[in-house]
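**Student:** Sharing a model that was predicted from the sequence below.
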Amino acid sequence: MSSDKLAQFAGQNYLNLESYRKDGTGVCTPVWFAEGDGLLYAYTLADSYKVKRICNNPRVRVAPCNYKGALKGDWVSASARILDEAGARRAHELLNRKYWLSKRIGNLMARLRSHKRTEIAIQLD
């Protein structure tokens, strides 16, 4: 992976994750992310459509964005995968460090509402 491609995500709070429907139509979603080990990590609700799309097709595109999804950088092709338990722990460790109090409040709310989450690793091409 090119460090140039990864550099545009430094200091950003959101990335726009474009995953693809079975018919090839792209769907963009702004998500929190953290970088570590040369990967970008994100999480979402386990029953979300983006998880289903990634399971059907791991090819994605990502770009830094604001919380509304307005791009702040260039699209980069990537592949995404759903993480196992150890990978999920690593993802949350990095996300907790980056988003500190906001993430911890989100963790509490997810636990109270019994929301299951899925963690995603994104490898830039």
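**Tutor:** Okay, I see it. Fair warning: this is a prediction, and the values are worked out from it, not measured in the lab.

**Student:** Please verify my assumption that V31 contacts A42.
**Tutor:** Yes. V31 lies in contact with A42 (CB atoms under 8 Å); the separation is 4.5 Å. Placement of C-beta: from N, CA and C, glycine included.

**Student:** For R59, give its distance to K116.
**Tutor:** To K116, R59 is 25 Å away according to CB to CB, to the nearest Å.

**Student:** same check, this time on D23
**Tutor:** Per CB to CB, D23 is found 27 Å from K116.

**Student:** next one: M109
**Tutor:** For M109 relative to K116 (CB to CB), the value is 13 Å.

**Student:** Could you do R104 as well?
**Tutor:** 18 Å.

**Student:** quick check: mean pLDDT across the helix or strand harbouring M109?
**Tutor:** Assigned by DSSP states H and E, M109 falls within helix 85-112. The pLDDT scores in helix 85-112 average 87.

**Student:** could you point out which element follows that helix?
**Tutor:** Scanning onward from helix 85-112 (DSSP H and E), the first element met is strand 117-124.

**Student:** Spit out the contact partners of T29.
**Tutor:** Neighbour list for T29: 16-19, 44, 50, 69 [criterion: CB atoms under 8 Å, 6 or more residues apart in numbering].

**Student:** Most neighbours of all these, which one?
**Tutor:** L17 (27 neighbours; other CB atoms under 10 Å).

**Student:** Tell me the pLDDT of it.
**Tutor:** With respect to pLDDT, L17 has a value of 98.

**Student:** wouldn't it be in contact with A42 here?
**Tutor:** Yes. Under the criterion of CB under 8 Å, L17 makes contact with A42 at 6.6 Å.

**Student:** intersection of neighbour lists for the two?
**Tutor:** What both L17 and A42 touch, as defined by CB under 8 Å, 6+ apart, is the set 31, 120, 122.

**Student:** Tell me the spacing between the last one and G38.
**Tutor:** Separation of I122 from G38 (CB to CB): 11 Å.
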